[in-house]
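Based on what follows, work out the 3D shape:
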Amino acid sequence: MNKSLVCSAVTSKEVTVRKKDYYLKEGSISNAKAYVKKGCSRTFVIDESGKEHILFFAFEDWWLADFESYHSGEPGKQYFQALEDMELLVISKKDFRQNGNRNTKTQALV
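Alright, predicted model coming up:
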């Protein structure tokens, strides 16, 4: 995905997440999608016994969100931790929908 396409297609805000900090944690409601402009993160869950299970790693040119929470509006179950300093373009659900209805470029981002 082209970074300029993301920037031009939708309204976004830049967010910096420092190494070892979290973009989202379990219990947060995911009301936005975040495009990874720079850096990488790990997404994981913690089971009942307290053991971490890594689901995937997100690198530049990927999207971050607890998609189940994003679509349901319910609290999420995932943690998103930066493995290095990250720069994200965060796009609210409202802006994503509004721009998606008007802009064919945005439809390609979903």
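
Which residue, neighbours along the chain excluded, lies closest to the spatially most central residue of the chain?
Nearest to the geometric centre of the chain sits Leu64, at 2.3 Å (CA atoms, centre = their mean). Leaving out its chain neighbours, the residue that sits closest to Leu64 by CB to CB, 6 or more residues apart in numbering is Ala34, at 4.3 Å. Placement of C-beta: from N, CA and C, glycine included.

ok, back up a step: tell me the contacts of the residue nearest to the centre of the chain?
23-24, 33-36, 41, 43, 58, 80, 88 (CB atoms under 8 Å, 6 or more residues apart in numbering).

mind listing the strands for this structure?
Along the chain, the segments classed as strands by DSSP state E run 13-17, 22-24, 32-38, 41-46, 52-58, 63-64, 79-82, 86-92.

I'd like to check the angle between the last one and strand 41-46, please.
Following axes from the mean of the first three to the mean of the last three CA atoms, to 10 degrees, one obtains 70 degrees for the angle between strand 86-92 and strand 41-46.

Need the contact partners of strand 86-92.
3, 6-7, 10-17, 23, 31-41, 64.

Okay, now the unreliable bits of the chain?
Counting by pLDDT under 70, the chain has low-confidence residues at 1-10, 99-110.

try it again with 90
In the predicted model of the chain, residues 1-13, 93-110 satisfy pLDDT under 90.

List only those of the contacts of strand 86-92 flagged as buried.
Buried members of the contacts of strand 86-92, counted by 16 or more other CB atoms under 10 Å: 6, 10, 12, 17, 23, 32-37, 39, 41, 64.

count of neighbours near Ser72?
Close neighbours of Ser72, defined as other CB atoms under 10 Å, add up to 12.

Pull up the gap between it and Glu84, please.
Distance of Ser72 to Glu84, computed by CB to CB, to the nearest Å: 30 Å.
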